[in-house]
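Student: following is a predicted model, sequence given first.
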Amino acid sequence: MVEQLTVSLPALKGRSVVSMMEWTPEEIKQILNTAQWMKGNRETVQSRRVLAGKHVALLFELPSTRTRVSFQVAISMLGAESVSLDWGSSQLGRGESLEDTARVLSRYVDGIVVRAHRHETVQALRRHATVPVFNALTDRAHPFQILADAMTIREELGGWSGIKVSYLGDGNNMAHSYMVIGAKLGMDITIATPIEYQPLPQIVEWARGEASLTGGSITITDNPERALFGADVVTTDVFVSMGDEGDLDRKRHLMQGFQINRNFMKLAKPQAIFLHCLPAHRGEEVTAEVIDGPQSKVFDQAENRLWVQMAGLSHTLG
Ligand code: CP
Ligand code: NVA
């Protein structure tokens, strides 16, 4: 195991990363501390090759730029090798079961990174795999993205407790992930969506319960201006997620008042930062002047995907 800022938790070894709901605040902080340490000690980390001799499969049902490349680079920097599979050109595309795929891959590799439209797909793969499974995005959760966001928030604002995060747009995987990480780390999360696109009530309820233990809070509203008032972090995501394209026109119409522009940024604190998991559609969920402006930290956020994934892989597979 690599050197870290804090004592490593043995409970992390062999664990899957499917949703941050399953991780304790201490475990999440452990990953984030390791990620920060790795970022400051890149050469040392690379020279140690803590995962030498290991193999990690990448299985993607949906497109990706950041996740695919950052996982491949993370795996390589840790001394392991990645094996990339495409859903359509594997036997999954011809109907082989997830159960058999999980069992077979587990005989070849030490971990499986998987991006799938339905969260249940990743859960099923995890149930049948005998090696750790890493969720690279589903319709419900994007755990490594939200770890990168949390890392960026601490880098920029010094911590998480009492930080107000205002998310505008679709009640999607990123909205759910913000509620989950906010509840775990004691942040105040406000999600503003049109009534028709609110986040899943069971996740809101779960997050409220968890937030009551950490001093955080979860607010759901359909009023974007009110949501932004006093925010430390302003964030959004694409209005139409992968796999939801059937709803395109109606959704774009209902989301019109939720675009983050310069006037909306003025409602947040003057030193507020802007985050976006990317890919972004300038002129749709955010204006170019905001995402390309001085408050935007989106490329630091994208870089941090690499470090949280290196930390996650080294703790679970190392
Ligand atoms: N943020 C993110 O997951 O980007 P990709 O879809 O490019 O992987
Ligand atoms: N909500 C987006 C995130 C992309 C990284 C999607 O699921 O398409």
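Tutor: The structure has been received and is ready for your questions. Ligands and ions are numbered 1, 2, ... in the order given.

Student: residues from the stretch 101-250 of the chain in reach of ligand 1?
Tutor: For the stretch 101-250 of the chain, the residues in contact with ligand 1 (C-beta under 6 Å from any ligand atom) are 137, 145. In this view, the C-beta of every residue, glycine as well, is placed from N, C-alpha and C.

Student: how about the helices in the stretch 101-250 of the chain?
Tutor: For the stretch 101-250 of the chain, applying DSSP state H, counting those that start in this stretch gives helices covering 119-128, 143-157, 173-185, 201-214, 224-228, 248-254.

Student: what's the third one packed up against?
Tutor: It refers to helix 173-185. helix 25-40, helix 143-157, strand 164-168, strand 188-192, helix 201-214, strand 217-221 (3 or more C-beta pairs under 8 Å, 6 or more residues apart in numbering; DSSP states H and E).

Student: so where is the protein shaky, pLDDT-wise?
Tutor: Applying pLDDT under 70 to the chain picks out residues 1-8.

Student: which helix is the longest one in it?
Tutor: Assignment by DSSP state H gives helix 298-317 as the longest helix of the chain.

Student: quick one, that helix and helix 143-157 angle?
Tutor: Compare the direction of helix 298-317 with that of helix 143-157 by axes from the mean of the first three to the mean of the last three C-alpha atoms, to 10 degrees and you get 120 degrees.

Student: how about residues contacting stretch 129-137?
Tutor: 14-19, 58, 60, 62, 64, 67-68, 71, 102-103, 105-106, 109-116, 122, 125-126, 141-145, 173, 242, 309, 312-313, 316-317 (C-beta atoms under 8 Å, 6 or more residues apart in numbering).

Student: residues in contact with the residue nearest in space to the middle of the chain?
Tutor: For the chain, residue 145 is the residue whose C-alpha lies nearest the centre (C-alpha atoms, centre = their mean; 2.2 Å). Taking C-beta under 8 Å, 6+ apart as the criterion, residue 145 is in contact with 67, 137, 174, 177, 277, 305.

Student: quick check: it vs residue 70, distance?
Tutor: 10 Å (C-beta to C-beta, to the nearest Å).

Student: hey, what's in contact with both of those two?
Tutor: By C-beta under 8 Å, 6+ apart, residue 145 and residue 70 have these common neighbours: residue 305.

Student: hmm, back to that, for the helices of the stretch 101-250 of the chain, which one sits closest to residue 263?
Tutor: Residue 263 lies closest, by C-beta to C-beta, to one member of those: helix 224-228, at 9.3 Å.

Student: what comes into contact with that closest one?
Tutor: Contacts for helix 224-228 (C-beta under 8 Å, 6+ apart): 166-168, 190-192, 219, 221, 234, 257-258, 264-265, 267-268.

Student: what about 10 Å?
Tutor: 164, 166-169, 190-194, 219-221, 234, 236, 255, 257-260, 263-269, 272 (C-beta atoms under 10 Å, 6 or more residues apart in numbering).

Student: list the buried residues of that helix.
Tutor: Going by neighbour count (16 or more other C-beta atoms under 10 Å), the buried part of helix 224-228 is 224, 227, 228.

Student: from the residues you listed, which is closest to residue 28?
Tutor: The closest of those, once distances to residue 28 are taken by C-beta to C-beta, is residue 227, at 24.5 Å.

Student: apart from its chain neighbours, what residue comes closest to residue 63?
Tutor: residue 242 (6.8 Å; C-beta to C-beta, 6 or more residues apart in numbering).

Student: ok, that neighbour to residue 262 distance?
Tutor: For residue 242, the distance to residue 262 (C-beta to C-beta) stands at 29 Å.

Student: residue 11 too?
Tutor: 46 Å.

Student: again with residue 190
Tutor: Where residue 262 is concerned, residue 190 sits at a distance of 20 Å (C-beta to C-beta).

Student: so for these two, which sits in the more crowded spot?
Tutor: Set side by side, residue 190 and residue 262 show more neighbours around residue 190, with 25 against 11, by other C-beta atoms under 10 Å.
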